[in-house]
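Give me coordinates for this.
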Amino acid sequence: MPPSSVPPELLDALRAAIGADQVATAEAVALLDVGWNPQNLGAGIVVSPGSTQEVALVVRLCAQHGVSLVPQAGRTGLVGGSVSQPGQIVLSLLRMHQIEPIDAAERVAVVGAGCTLQALQEAAAAVQLEPGIDLAARGSATLGGMVSTNAGGVMAFRNGVMRHRVLGLEAVLPDGTVFQDLTRVVKNSAGYDLKHLFIGAEGTLGVVTRVVIKLDPLPPASATVLLGLPSVEATLEVISRALHIDAGHLRAAEALWQGFMQLNAAALQWVDAAMPLDQPMYLLLKLGGNHSDALNAALENLFESIASDYPGANGIIASSARQENELWRLREDTDIVYRAHPQAPSYDVSVPLSRIPAYAAQVQAELAAHDPAWRPYIFGHLADGNLHIILNQAGPLPPERAQAVEHILYRNLQAMGGSFSAEHGVGSKRIGAMNDTTDSTKLAAMAQVKQLLDPQMLMNPGKLFTS
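Purely as a prediction, here's the structure:
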């Protein structure tokens with residue numbers, strides 16, 4: 001039976017509105033994939049509307065009964081942004097995965113919130129286009145969730161984050177009315193650009209249902225190199241060189257500190273005589289362009305200059321698509337860390353590029369001083385300053401230790417112009433960090449917007465705000 005705090009008459013009304021088979025309770029919910037967080041389906045009730053009109057009906061009915069909603073789709077979030085509890089209802093958008101026909105000349109895609117990034121990438125590639133954003137969870141992360149967390153990924157240094165890829169969107173407001181701004185053009189100076197209220201709002205201001213995404217030409221060729229380098233400073237300098245390659249353009253620059261590289265290589269049984277894994281830093285670079293030969297030649301020239309300036313540096317240029325995929329798996333298979341250290345405490349920060357060497361050295365030293373066993377795994381999108389830091393310890397941490405780690409990682413970020421959350425969002429896990437590091441006027445303005453649009457506080461409660 002569903003939790004008693006959800007009125008039976010509401011469930012009956014939901015079944016009548018969207019179909020009994022789209023209102024899952026009890027055993028039916030137990031059969032669903034819970035996703036990254038075991039509390040995602042804690043509500044015990046999952047409704048799955050198939051259209052914006054049905055989402056509006058669900059939201060309106062829940063508002064009338066005073067029952068809160070937790071929007072979900074891929075359930076890949078890492079900060080508890082989609083956890084739910086008894087007395088709430090999970091609103092799944094997975095059925096809303098449509099992709100409208102893509103006009104290659106227009107370079108725009110209109111998709112449902114439940115469409116996965118990979119599905120959009122494949123549809124766009126069919127007409128030689130791409131959405132200009134990519135991340136490892138592409139097969140399960142949905143566009144609605146990516147909009148709601150303002151996702152970043154490996155191409156953010158070049159194309160911006162999700163906020164920069166969205167031309168327009170549609171969302172259902174907390175009272176069940178539909179906000180529609182499906183603008184398909186880049187230039188639009190007609191008043192307040194209110195779509196940005198929903199980008200990064202994590203479902204607290206409404207439910208994103210459709211998104212208009214700007215597309216870019218897909219380069220016909222790519223090339224990848226894995227480099228072993230002596231320092232963070234050298235890694236940043238090599239990225240700067242790669243940004244100025246004439247044969248193509250830099251599509252990704254992913255840094256792997258030695259501990260992360262060694263762990264993943266061992267787990268994947270990856271061995272290459274040209275890469276003995278004895279360097280402090282590893283850097284994956286991907287170029288895109290028109291001709292593979294020119295891209296590979298550019299990487300060879302880059303490596304020659306690196307070897308001259310940094311004796312002892314080593315590297316591998318992928319010779320096939322298969323080898324390219326193997327090299328990228330070393331970076332993207334982050335589940336390896338969590339298999340080695342279940343529920344390992346993880347953090348997602350942005351640091352100005354000039355401050356990264358000192359910041360990385362500082363946090364490693366201070367973590368080791370707090371606990372000599374702590375040797376964090378560090379990796380990330382170094383071209384835009386986004387570092388992922390995962391402790392080599394099973395979690396969760398006791399509260400006092402968790403606070404000590406956050407103090408080490410976050411205390412200087414605001415002053416240096418960084419962020420405690422680069423691309424994972426705030427969810428329920430990082431509310432304390434947001435309150436500690438965010439300007440009080442900004443926090444007050446956010447609260448005013450929330451009160452205006454969601455006075456009943458029914459949309460994804462306990463995320464971004466404590467209630």
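
Show me the contact partners of stretch 127-134.
Contact with stretch 127-134 is made by 102, 104, 107, 109, 117, 120-121, 124, 146, 151-156, 159-162, 165, 213-218, 220, 252, as judged by Cβ atoms under 8 Å, 6 or more residues apart in numbering. In this view, the C-beta of every residue, glycine as well, is placed from N, C-alpha and C.

swap that for stretch 190-205, sorry
Contacts for stretch 190-205 (Cβ under 8 Å, 6+ apart): 70-71, 81-82, 147-150, 162-163, 166, 168-169, 171, 173-174, 179, 181, 183, 206, 208, 425-427, 449-450, 453-454, 459-460, 463-465.

One more: stretch 310-328?
Counting by Cβ under 8 Å, 6+ apart, 222-230, 234, 268, 270, 272, 274-276, 279, 284, 286, 296, 299-300, 303, 306-307 sit against stretch 310-328.

what's the span of that stretch, first residue to last?
End-to-end span of stretch 310-328 (Cα to Cα, to the nearest Å): 24 Å.

okay, now the domains of the protein?
For the chain, automatic domain parsing gives the domain ranges 8-92, 108-217, 222-253+282-330, 336-425+434-449.

would you turn these into a markdown table with distance to F260, mean pLDDT and mean neighbour count?
Listed next are those as a markdown table, based on distance: least, Cβ to Cβ, whole Å; pLDDT from 0 to 100; neighbours: other Cβ atoms under 10 Å:
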| stretch | distance to F260 | mean pLDDT | mean neighbour count |
| --- | --- | --- | --- |
| domain 8-92 | 16 | 96 | 20 |
| domain 108-217 | 14 | 97 | 21 |
| domain 222-253+282-330 | 8 | 96 | 18 |
| domain 336-425+434-449 | 4 | 96 | 17 |
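
out of the contacts of stretch 127-134, which are inside helices?
117, 120-121, 124, 146, 156, 159, 162, 165 (DSSP state H).

follow-up on the earlier one: looking at the domains of the chain, which is nearest to Q98?
With distances scored as Cβ to Cβ, the stretch of the domains of the chain nearest to Q98 is domain 108-217 (4.5 Å).

how far does that closest one stretch from start to finish?
Per Cα to Cα, the first residue of domain 108-217 is 11 Å away from its last.

ok, the residue nearest the centre of the chain - contacts?
The chain has A151 as the residue nearest its centroid, 4.1 Å off, counting by Cα atoms, centre = their mean. Applying Cβ under 8 Å, 6+ apart, one finds that A151 lies in contact with 133, 135, 141, 145, 161-162, 423.

what's the spacing between it and T76?
Distance of A151 to T76, given as Cβ to Cβ, to the nearest Å: 10 Å.

related to what we said a few turns ago, pick the one among the contacts of A151 closest to G395.
Nearest to G395 among the contacts of A151: E423, at 20.1 Å, using Cβ to Cβ.

Please state the offset of stretch 249-257 from the chain centre?
Distance of stretch 249-257 from the chain centroid (Cα atoms, centre = their mean, to the nearest Å) equals 16 Å.
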